[in-house]
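Undergrad: need a 3D model of the following:
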Amino acid sequence: MILYKQCVVNIQKLENWIDEYRRQGYRLIKANPNIGRYEFAKSKEGDFLPKVRIDFRTFDKKEAYQDYLSLFEDSGWRCLYGSRSNGFQYFEQMHENASDDIFSDSISKAARYKRLSTMWLIEWE
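TA: As a prediction, the model looks like this:
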């Protein structure tokens, strides 16, 4: 099932939108926020349905991006979509024992919006 969602401004709302389909038994398998395209697949009953969390971050160096991905993998989250220059990074839980969120505190979560707003300001200049 392919769905389209308009431009992302509120990441929490987008995560909630994806989570609603997860609760209906669908797993996000592909995301392309640049065109608002999201592909879901119906899961079998009893399958683990990972939560999806989104960060917004760009990296100048490949090594910094690899370290970032490794940090998330060590915490039980794998990158579903993203690149070092794209900005949007979509992560899914690798297993049920992974934490429910990719951020450990509200300050880290708020910093994601600061990075996103800085990107929007640069785009409009």
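Undergrad: only C-alpha atoms for contact and neighbour calcs from this point on.
TA: Fine.
Undergrad: so where do the strands sit in this protein?
TA: Secondary structure of the chain (DSSP state E): strands located at 2-4, 26-32, 37-42, 52-57, 77-81, 87-93.
Undergrad: and of these, who's closest to Leu116?
TA: For the strands of the chain, proximity to Leu116 was assessed by C-alpha to C-alpha; strand 52-57 is nearest, at 6.2 Å.
Undergrad: so how far is that closest one from its chain's centroid?
TA: For strand 52-57, the gap between its own C-alpha mean and the chain's C-alpha mean amounts to 3 Å (C-alpha atoms, centre = their mean, to the nearest Å).
Undergrad: which strands and helices sit next to that strand?
TA: Packing contacts for strand 52-57, counted by 3 or more C-alpha pairs under 8 Å, 6 or more residues apart in numbering; DSSP states H and E, involve helix 11-23, strand 87-93, helix 106-124.
Undergrad: how does it look with 10 Å?
TA: helix 11-23, strand 77-81, strand 87-93, helix 106-124 (3 or more C-alpha pairs under 10 Å, 6 or more residues apart in numbering; DSSP states H and E).
Undergrad: with mean pLDDT, mean neighbour count and distance to Ala31 added, can I get the ones you listed in JSON lines?
TA: What follows is those, written out as JSON lines (pLDDT from 0 to 100; neighbours: other C-alpha atoms under 10 Å; distance: least, C-alpha to C-alpha, whole Å):
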{"stretch": "helix 11-23", "mean pLDDT": "92", "mean neighbour count": "15", "distance to Ala31": "10"}
{"stretch": "strand 77-81", "mean pLDDT": "94", "mean neighbour count": "20", "distance to Ala31": "6"}
{"stretch": "strand 87-93", "mean pLDDT": "92", "mean neighbour count": "22", "distance to Ala31": "8"}
{"stretch": "helix 106-124", "mean pLDDT": "67", "mean neighbour count": "12", "distance to Ala31": "18"}
